[in-house]
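J.: this one's structure only:
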């Protein structure tokens, strides 16, 4: 049995040695098509960050650089639209506004004429809460201790929001 293994190994090795003597012909690599990338002079390069232009570059044609001025009257907050029923001066400070608790920096879900307003709880103090709409001057909403209404069960199938009317 050992002799059969040795003979098989000898035949296999002789075949390998015979193949090693033959060298296959190597075909040199030939480039078929060279790729290229070119842009029109007025086109922004896609490799630049969005909005970036090189120094001294002209504005692209067809763009209007005049600032857009909003002529619509800005909504003014009034302290009568909100009810601050309690203030907790802890870390973090919390205030109950229209039945919900909010912390400093949070935004109230305020809707006026089907438009969402970004009313921020600017500061919570002992006297009441300072609210700010966008970048307008903050207003103080004093705490109304005697005017606490009984708590109603919220309807969870509707989105909760404070609805305002512009006077």
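T.: Thanks, I have it. Quick caveat: nothing in here was measured; it's all calculated off a predicted structure.

J.: Okay, now the unreliable bits of the chain?
T.: Low-confidence segments of the chain (pLDDT under 70): 1, 18-24, 56-74, 145-159, 167.

J.: Which other helices and strands does the lengthiest strand in it contact?
T.: For the chain, the strand that runs over the most residues, judged by DSSP state E, is strand 115-124. For strand 115-124, the packing partners by 3 or more Cβ pairs under 8 Å, 6 or more residues apart in numbering; DSSP states H and E come out as strand 94-97, strand 100-103, strand 107-112, strand 128-133. Placement of C-beta: from N, CA and C, glycine included.

J.: Please determine how far the spatially most central residue of the chain is located from residue 39.
T.: Residue closest to the mean C-alpha point of the chain, counted by Cα atoms, centre = their mean, is residue 50 at 16.0 Å. Per Cβ to Cβ, to the nearest Å, residue 50 is found 16 Å from residue 39.

J.: Just say helix, strand or coil for the residue nearest to the centre of the chain.
T.: coil (DSSP: H, G, I helix; E, B strand; the rest coil).

J.: Please apply the same query to residue 12.
T.: helix.

J.: Number of residues surrounding it?
T.: Neighbours of residue 12 under the rule other Cβ atoms under 10 Å: 10.

J.: how near is it to residue 51?
T.: 68 Å.

J.: go on, residue 82?
T.: 39 Å.

J.: ok, which stretches of the protein are helices?
T.: 2-21 (DSSP state H).

J.: so residue 140 bridges to which residues?
T.: Counting by DSSP bridges, residue 140 forms beta bridges with residue 130.

J.: Tell me the spacing between residue 8 and residue 16.
T.: Distance from residue 8 to residue 16, by Cβ to Cβ: 13 Å.

J.: And residue 165, by the same measure?
T.: Counting by Cβ to Cβ, the gap from residue 165 to residue 16 is 94 Å.

J.: so the residue found closest to residue 116 once you drop the neighbours it is linked to in the chain bridges to which residues?
T.: With sequence-adjacent residues excluded and distances taken as Cβ to Cβ, 6 or more residues apart in numbering, residue 116 is closest to residue 110, at 7.2 Å. Per DSSP bridges, the residues bridged to residue 110 are residue 117, residue 162.

J.: who's in contact with residue 110?
T.: Neighbouring residues of residue 110 by Cβ atoms under 8 Å, 6 or more residues apart in numbering: 116, 117, 119, 161, 162, 164.

J.: just the residues you listed now: which is nearest residue 100?
T.: Nearest to residue 100 among those is residue 162, at 8.9 Å by Cβ to Cβ.

J.: number of nearby residues for the closest one?
T.: Neighbour tally, residue 162, other Cβ under 10 Å: 18.
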